[in-house]
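> Here is my input; please provide its structure:
(one chain, ligands or ions: 1)
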Amino acid sequence: NNVAVYYGQGDNQPRLKHFCEQTTSDIINIGFINQFPKHVGDFPGSNFANQCDGTFFPGTELLSGCHQIWQDIPSCKAAGKTVLLSIGGGSATTQSLPDDATGEWFADFLWYSFGPYNSAISSLGWTETMLGQLYPRPFLTSSVDGFDFDIEYNGGVGYAAMINRLREHYATSTEQTYYISGAPQCPIPDAQLSDAIAKSYFDFLWVQFYNTPGCSAADYVNGTGKFNFDEWVGVIEKSANPNTKLFIGLPASKAAANAGFYVTPDEVKPLVKTYMDKHPKHFGGVMLWEATAGDNNVIDGETYTEHIKDILYD
Ligand SMILES: CNC(=O)NC(=N)Nc1ccccc1
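Numbering: from 1, shown residues only. Sure thing, here's the model as predicted:
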């Protein structure tokens, strides 16, 4: 079982290396590509809070000075962690795909800009494809192991096509496996990703069992609503990948979610044990929002993230 954490939006967060050096997390979602292309050829935009130097590729909102992330990704990979780049994150204004063609362009952009560094077509800073299209390399020679879809608004159109296009690129790699993950809200069907989950192949789904009353982990603890992990297993079994690993998404501190959704390690232990035992095939682990909040939430001398790791491994 794995612990997945989001990194990139933490208050006064340390550099990524700090989390690469910890054994607690197995998957790190770097967030976010928070501005989506408006049409084919349009560049997306990014935000990693305090982590970049405020420079952008000319005429874009895409950060070009994320030196620490570029330098640190290899140390996370060397530690055996899977590093994914997360798109979305929650600002409604800039997250929608007008059509499948834009979704496919977005997939090409992410693959050539953040995927494997191909020295045959890439020089420091830019990649040029046979068709003469230039793509930037925001993390330079460093690359991610796949892409996470934290789509919180305007979902539906374009995402299945985008993911299927990413899968076409993944299939060209002889070097390594690449992954697709998603972070739906807990109500079923998820307003944004249900179409993509039905039609395209996800490796991991970390359901946000927080911020939405009625199906949250807090509901399970309080005996309210209906925590719906079982139902999510049903969604997966009817999806394009019935073997998708399902994670329980949790806030890593009180302040990391809307009021009322934080659950303590002691409260969450029976929940995790129950569903880990009930669904050995599908249970993937726990996702935490987010790394820095978990690091700063120290309870009885251990961070929240360490407590979660202990619960999964004890
Ligand atoms: C996986 N994505 C998130 O967990 N996003 C998220 N937690 N956004 C947020 C919503 C309300 C308060 C704080 C963060």
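
> can you give me the end-to-end distance of stretch 48-60?
Across stretch 48-60, the terminal residues are separated by 15 Å (C-alpha to C-alpha, to the nearest Å).

> same check, this time on stretch 225-244
Counting by C-alpha to C-alpha, the length from the leading to the trailing residue of stretch 225-244 is 25 Å.

> How about residues contacting it?
When contacts are defined by C-beta atoms under 8 Å, 6 or more residues apart in numbering, stretch 225-244 is touched by residues 186, 188-189, 194, 197-205, 207, 209, 213-217, 219-220, 246, 248, 271, 275, 278-279, 281-282. Yep, even glycine has a C-beta here, placed from its N, CA and C like the rest.

> how about a cut-off of 6 Å?
Under the criterion C-beta atoms under 6 Å, 6 or more residues apart in numbering, residues 188, 197-202, 205, 207, 214-215, 219-220, 246, 275, 279, 282 lie in contact with stretch 225-244.

> where along the stretch 1-150 of the chain do the strands fall?
Assignment of strands within the stretch 1-150 of the chain using DSSP state E, counting those that start in this stretch yields the ranges 2-7, 27-33, 82-88, 122-123, 126-128, 134-136, 146-150.

> so how many other residues sit close to Phe139?
By the measure other C-beta atoms under 10 Å, the count of residues near Phe139 is 22.

> quick one: it and Gln68 touch, right?
No: in this structure, Phe139 is not within contact of Gln68 by C-beta atoms under 6 Å, at 10.3 Å.

> check contacts around Asp295.
For Asp295, the contact set (C-beta under 6 Å, 6+ apart) comprises Thr303.

> Now do it against Thr274, distance only.
Going from Asp295 to Thr274 by C-beta to C-beta, to the nearest Å gives 27 Å.

> Then Ala160?
Distance from Ala160 to Thr274, counting by C-beta to C-beta: 32 Å.

> between these two, who's got more neighbours?
Here Ala160 and Thr274 are compared on neighbour count by other C-beta under 10 Å; more neighbours surround Ala160, at 20 against 13.

> Spatially, which residue comes closest to the more buried one, not counting chain neighbours?
Lys199 (4.0 Å; C-beta to C-beta, 6 or more residues apart in numbering).

> Tell me how many other residues crowd the one you found.
A count of neighbours around Lys199, defined by other C-beta under 10 Å, yields 14.

> what does Thr141 give?
The local packing of Thr141 (other C-beta under 10 Å) involves 13 other residues.

> same thing with Val3?
Val3, neighbours per other C-beta under 10 Å, totals 24.

> do Lys278 as well
The burial metric for Lys278, expressed as a neighbour count using other C-beta under 10 Å, is 12.

> For the nearest residue to it once chain neighbours are set aside, give its distance to the ligand.
Of all residues not flanking Lys278 in the chain, Asp230 sits nearest, at 7.6 Å (C-beta to C-beta, 6+ apart). When C-beta to the nearest ligand atom, to the nearest Å is the yardstick, Asp230 and the ligand sit 21 Å from each other.

> Check what pLDDT Asp230 gets.
Each residue has a pLDDT score; the one for Asp230 is 98.

> Can you classify it by secondary structure?
helix (DSSP: H, G, I helix; E, B strand; the rest coil).

> how deep is it tucked in, by neighbour count?
Neighbouring residues of Asp230 were enumerated by other C-beta under 10 Å; the total is 11.
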